[in-house]
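Asker: Just need the structure, nothing else, for what follows:
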Amino acid sequence: MARVTTATIKEKKAKKIKITMLTSYDYSMASIVDQAGIDMILVGDSLGNVVLGYENTLAVTMDDMVHHTKAVVRGTKNAMVIADMPFLSCHTSPYEAIKNAGRLIQEGGAQAVKIEGGVERLDNIKAVLDAQIPVMGHIGLTPQSVNQFGGYKVQGKDLETARKLIKDAQELDKAGVFAITMECVPAILAQRITEEVSVPTIGIGAGPHCDGQVLVVNDMLGMFSGHVAKFVKKYADLQPIIIEALRTYKQEVQDGSFPGPEHCYTMADDVLDKLY
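Answerer: Residues are numbered from 1 along each chain as shown. Alright, predicted model coming up:
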């Protein structure tokens, strides 16, 4: 099976085949997600919350993203790997945007980057695209703007912000992004945007009419004990299962039942006799 590419993703929209994307942050999970046949893996800056324990994504650095992207790429054979551009990595100048996006491709091994923001980030997005680096756009609730938004709030519910989201999507489409993530957007607005743009839309809290969906893998597997958004569906609840396994391990170590004979290595008796 060949690795998924930007062309694969665009073709799925044309054929009306739904696209799947999940986050991963390490080799082991990326390998599992890849084996499940998920189209795209996002190395999200959500690793700040999920892996590093930060309050939000703003503290995540380029070095963090490169480090985790490398691990995810090593764990995949088929899924397309997209790396988030972290806070301030593409906000200042086109040169900085290209340099940082290039690190995620050259050092990290990603096949594309994701950049938050619409028209206000357009010049830098175009610069990255001109450098032959595929870009996925991200509009709606953009977590790096949490302080500006005053929290994690649904975007596009009033006329002004709805019009801005439509404009953002149109301009990103014209600029040449290969897909657009829409986060926390009313379903009916996400449907209109999906119908109006030529590139695939990937929804997270944006309803069923997007061309694909993305979730944080730790959320959908029930492995994250923090706040879980309304749009998350838990496909498994692994945290209590893991905790029970760990408690059983602790008990068996303490009572001496682990390790058992089947977990131990042996040596020849004649070698052992010579030690005494």
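
Asker: Just the buried positions in the helix or strand that contains residue 34, please.
Answerer: For residue 34, the host element (DSSP states H and E) is helix 27-35. With burial defined by 16 or more other Cβ atoms under 10 Å, the residues of helix 27-35 counted as buried are 27, 29, 30, 31, 33, 34. Placement of C-beta: from N, CA and C, glycine included.

Asker: quick one: which of the residues you listed is nearest to residue 207?
Answerer: residue 33 (23.3 Å; Cβ to Cβ).

Asker: SS state for residue 242?
Answerer: The local conformation at residue 242, judged by DSSP: H, G, I helix; E, B strand; the rest coil, is helix.

Asker: Sheet partners, orientation included, of the following helix or strand past the helix holding residue 34?
Answerer: Later in the chain than helix 27-35, the nearest helix or strand by DSSP H and E is strand 40-43. Take DSSP bridges as the rule and strand 40-43 pairs in its sheet with strand 19-23 (parallel), strand 80-84 (parallel).

Asker: Using CSV, lay out those strands together with mean pLDDT, mean neighbour count and distance to residue 41.
Answerer: Output for the strands paired with strand 40-43, formatted as CSV (pLDDT from 0 to 100; neighbours: other Cβ atoms under 10 Å; distance: least, Cβ to Cβ, whole Å):
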stretch, mean pLDDT, mean neighbour count, distance to residue 41
strand 19-23, 98, 24, 6
strand 80-84, 98, 27, 5
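
Asker: what about dumping the CA coordinates of stretch 266-276 to CSV?
Answerer: Extracted as CSV, the C-alpha positions of stretch 266-276 are listed here (Å, rounded to 0.1, in the frame of the first residue of the first chain):
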residue,chain,number,x,y,z
THR,A,266,17.6,-20.4,32.4
MET,A,267,21.2,-21.6,32.3
ALA,A,268,22.9,-25.0,32.2
ASP,A,269,23.3,-26.8,35.5
ASP,A,270,27.0,-27.6,34.8
VAL,A,271,27.7,-23.9,34.3
LEU,A,272,25.9,-23.1,37.5
ASP,A,273,27.8,-25.8,39.4
LYS,A,274,31.1,-24.2,38.4
LEU,A,275,30.1,-20.9,39.9
TYR,A,276,30.2,-22.5,43.4
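
Asker: can you give me how far it is from the chain middle?
Answerer: How far stretch 266-276 lies from its chain's middle: 53 Å, per Cα atoms, centre = their mean, to the nearest Å.

Asker: what sits against residue 115?
Answerer: 85, 90, 97, 101, 121, 124, 125, 128, 135, 136, 137, 138 (Cβ atoms under 8 Å, 6 or more residues apart in numbering).

Asker: Would you mind pointing out the helix or strand the closest residue in space to residue 121 that isn't next to it in sequence falls in?
Answerer: Counting by Cβ to Cβ, 6 or more residues apart in numbering, residue 121 lies nearest to residue 115, which is 6.1 Å off, once chain neighbours are set aside. Assignment of secondary structure by DSSP H and E places residue 115 within strand 112-116.

Asker: could you check the angle strand 112-116 makes with the helix or strand following that strand?
Answerer: Sequence-wise, the next helix or strand downstream of strand 112-116 (DSSP H and E) is helix 122-130. Helix 122-130 runs at 180 degrees relative to strand 112-116, counting by axes from the mean of the first three to the mean of the last three Cα atoms, to 10 degrees.
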